[in-house]
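J.: need a structure here:
(2 chains)
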Amino acid sequence: MRFSSARKNPAMKLLALTSSLLISTTLLLSACTSDSGATQVALERAQATAAAAIAERNAASERANEAEDRAAAAEASTNRLATIQNRGKITCATGNDTPGFHSLDASGNSVGFDVDLCRAVAAAILSDADAVEFRFTDLAERGPALQSGEIDLMNLTTTWTSNRDINWGNFAPVMFYDGQGFMTRKDLGIESALELDGAAICVTSGTTTELNLADYIRQHNLDAETTVFEQSEVAFDAYGSGQCDAFTTDRSGLASLLTEFPNPEDHVILPEIISEEPLTPVVPHGDEAWFDIVKIVMAGIIYAEAYGIDSSNVDQVAASDNIKAKRLLGSEGDFGQEALGIKKTFMQDVIKQVGNYGEIYERNLGTDGIGLPRKGRNDLWINGGQIYAAPLR
Amino acid sequence: MQSILYPGGIPLWRNVVFIQWAIQIVSAVVVIAIVSGFIVNVANEIQDREIPFGFSFLDEAAQIPIGESVIQYEPSNSYLYGFTVAALNTIKASVLGVITATILGIIIGVSRLSRNWLLSRIALVYIETFRNIPLLIQLLFWFLIILELPNVREGYVFFDAFYLNNSGFYLPWASPLGGFWPWAILSIAGLIAAIFAFNFLSKREIETGQPSYPIVAGFAIFILVTIIGLLIFSPLDIVVPERQEGPFGRLQGGARLTGSFFALLIGLVVYTSAFIAEIVRAGIQAVNRGQTEAARSLGLNTNAGLRYVIFPQALRVIIPPLISQYLNLTKNSSLAAAIGYPDLVSVTTTMTQIAPAISLIGMVMVTYLAMSLFYSLVGNIYNRITRYAGVG
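T.: Numbers count the residues shown, from 1 in each chain, chains lettered A, B, ... in the order given. Down below sits the predicted model:
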């Protein structure tokens, strides 16, 4: 008797385990599969499962709890400014591997064009440009990081595309106009990207560059092989060793990569620009006021340059009789600070601690940085460029 | 059955069958509640945050590049096809890795027990080094070593047919012609004949004691039949890699193990074989010493004793943890993205640029689960075959 029950035991255990696994798998699948494929159907099924599960539980009190939880969650995601002020820091997703845009200096501090915008926003709402917690995010993790809403602002050489605008978050005005190009070794004697037939091309994953590359290869019938790397450092190494004949990314990235090579003159950037890459800061969906704050800070640094306000003359200008400049610095009038709930003189903090657009550009990308000439699209509109923002009034 | 302790029959709360069922049902309910809790949460978040979700994208053109594939792939193929290509890349790494790691692991595990001091120390150093360094670091290490090879234009060439450079190892490969299937069928027939001959001859050897060379005879039959088939049907076309025209001088034709795949395979095999070696050692040491002595006293030498007495018993201890190493190897292959091998994770990460991430990650999870369950299944079946009759 005892022996037979002991022998039965594992079999029954197995049976019960299998059936419970089966049940949960079915539940999962019923939520995940969708024969028509439409989002709605999948959602409805998941909702139906959800409803069944809730009904199983002790109804009334549980529901009340849930409603409270939801309300709290909604509060957190719709009043990001208050959350940040309580926290005393903004969480900014950026990187540490692209000199000029985002990298670490000798003492380990984040520096760069992208980093400075995070600092500007921190200076605007917390009066302290250092009140930033940087999250070094993989290019491939940018979408999920924004969708989860755990970061306040992302500034990570992110190209604004329609799909990302819909799926990732709200895209602020363009900070830098870029485009994808190719780099090859000079000794290959290539003069145009159209001659890349038969080449091996390295690219970093999780970026639009690999999609643009695939389009370009298909469009021009090039028989090129592509190798996709997760991290740009490894892709650089592969290109540097000659495993790949060409490397492709945004031309700004190529320029910043060239500064890392021991002999930059051995490499050449091909003339073709195969994409439009407007690099843009992004905030998560769901908080319009927070989005407006980021936009207004960006407009502030752009107009500060246009009005000739820089970190060295803020106080003089604030006391001068230049009406537009005084409004920008908050010593006269209001262009929305009150409605947004931020300090009237926030632009003084921003410009003193971080500087205007031109200063940020020169320090990181221009002559003091990686040496990308500013002439063209990235100049102010008054100089014939495309850097422009909503007027501050 | 009448119980002495409970003359009125066993009460419900002491009834073994009832207790077992009750525990199963309670745990099933708990599991279902937790799982549905997760689903509710995900469904709510998907709705609240307007995260895209669904599977209709699978029919659309994937538009992404995949560097290497087992089956032909173009960016104009569908997402589903691209996903399959990526899954096959993972399977390729996993299967080749498992086979190689097992062979290497057994060799090192046995060496670790060798009486040869130098050999056992070398095995010890190998095991302790490679299982204690994070796999990702090892993968990058092997990859950087491969990058140190000369590039494709300057690399090593052997016999004008084998090329070794930092883009990979290129070798001649056979592609099937019209006569392939008749040849394949003939070879299989030859294999069956060889097995029959092997069985017959081994039986004869055991029964009569006359040396009959079953292994030699079996191989000879198979190879002879295969070669005759090759001569009759000429089923295969040997393709030798050739250098392309133009400035890049890449190689085309034949087979190629890319640098990334090479690094991945070496990394996975070296790392996993260190664990397998320890498992093999543990398995052998778990067999009672008396068995070795018994084998000796029967007149078996060390090798024969290992092969016929020790190993069959050790296998029963080895198989279960070995399967879990196979699962680890398969899952670890997802680190391939770091060194440019287009495995499942790497490719789907690229896909999430356009396609809904949650759906894709769900698909990746299900695929890995299916692969792991398959290995478990095979392992458990094998385990059942090899266990002691009448136990368990």
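J.: For the nearest residue to B:D343 once chain neighbours are set aside, give me its contacts.
T.: Among residues not flanking B:D343 along the chain, B:A336 sits closest, at 4.0 Å (Cβ to Cβ, 6 or more residues apart in numbering or on different chains). Any C-beta I mention is one placed from the backbone N, CA and C, and that applies to glycine too. Contact partners of B:A336, counting by Cβ atoms under 8 Å, 6 or more residues apart in numbering or on different chains, are B:90, B:93, B:139, B:260, B:264, B:342-343, B:345-346.
J.: Just the ones of those residues in helices?
T.: B:90, B:93, B:139, B:260, B:264, B:345-346 (DSSP state H).
J.: Just the buried subset of the residues you listed, written out for PyMOL, thanks.
T.: Applying 16 or more other Cβ atoms under 10 Å in any protein chain shown to the ones in helices among the contacts of B:A336, the buried members can be selected in PyMOL as follows:
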select buried, chain B and resi 90+93+139+260+264+345+346
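J.: Confirm for me that A:S103 is in contact with A:D97.
T.: Yes: the pair A:S103 / A:D97 is scored as a contact, 6.7 Å apart, by Cβ atoms under 8 Å.
J.: Please work out how many residues are found near the residue of the stretch 101-250 of chain A found nearest chain B.
T.: When scored by Cβ to the nearest Cβ, the stretch 101-250 of chain A has A:G242 as its residue closest to chain B, at 3.1 Å. A count of neighbours around A:G242, defined by other Cβ atoms under 10 Å in any protein chain shown, yields 21.
J.: Ok, the one 10 residues further on next?
T.: Using other Cβ under 10 Å, A:S252 has 24 neighbouring residues.
J.: Roughly how far does it sit from chain B?
T.: Using Cβ to the nearest Cβ, to the nearest Å, A:S252 is found at 20 Å from chain B.
J.: Which strands or helices does whichever helix or strand that residue is part of pack on?
T.: Using DSSP states H and E, A:S252 maps to helix A:251-258. If contacts are counted by 3 or more Cβ pairs under 8 Å, 6 or more residues apart in numbering or on different chains; DSSP states H and E, helix A:251-258 sits against strand A:176-178, strand A:180-185, strand A:246-250, strand A:267-269.
J.: Deepest-packed of these, please.
T.: strand A:246-250 (a mean of 27; mean count of other Cβ atoms under 10 Å in any protein chain shown).
J.: That one versus strand A:180-185: what angle between them?
T.: Angle between the axes of strand A:246-250 and strand A:180-185 is 150 degrees (criterion: axes from the mean of the first three to the mean of the last three Cα atoms, to 10 degrees).
J.: who does strand A:246-250 pair up with?
T.: Sheet pairing for strand A:246-250, assigned by DSSP bridges, gives strand A:180-185 (antiparallel), strand A:200-204 (parallel).
J.: still on that earlier bit, residues in contact with the helix holding A:S252?
T.: For helix A:251-258, contacts defined as Cβ under 8 Å, 6+ apart pick out A:98-101, A:157, A:176, A:178-183, A:232, A:236, A:247, A:249, A:264, A:267, A:269, A:273, A:279, A:365, A:370-372.
J.: And that helix, how far out from the chain middle?
T.: Chain-centre distance of helix A:251-258: 18 Å, with Cα atoms, centre = their mean, to the nearest Å.
J.: for stretch A:166-184, same thing?
T.: Relative to its parent chain, stretch A:166-184 has a centroid offset of 9 Å by Cα atoms, centre = their mean.
J.: Most proximal residue of the stretch 151-300 of chain B with respect to chain A?
T.: Here the residue of the stretch 151-300 of chain B nearest chain A is B:N151; by Cβ to the nearest Cβ that distance is 3.1 Å.
J.: Ramachandran angles for that residue?
T.: Phi and psi for B:N151, reported as degrees, to the nearest 10, are phi -80, psi 180.
J.: go on, A:L365?
T.: Dihedral pair for A:L365: phi -110, psi -20, per degrees, to the nearest 10.
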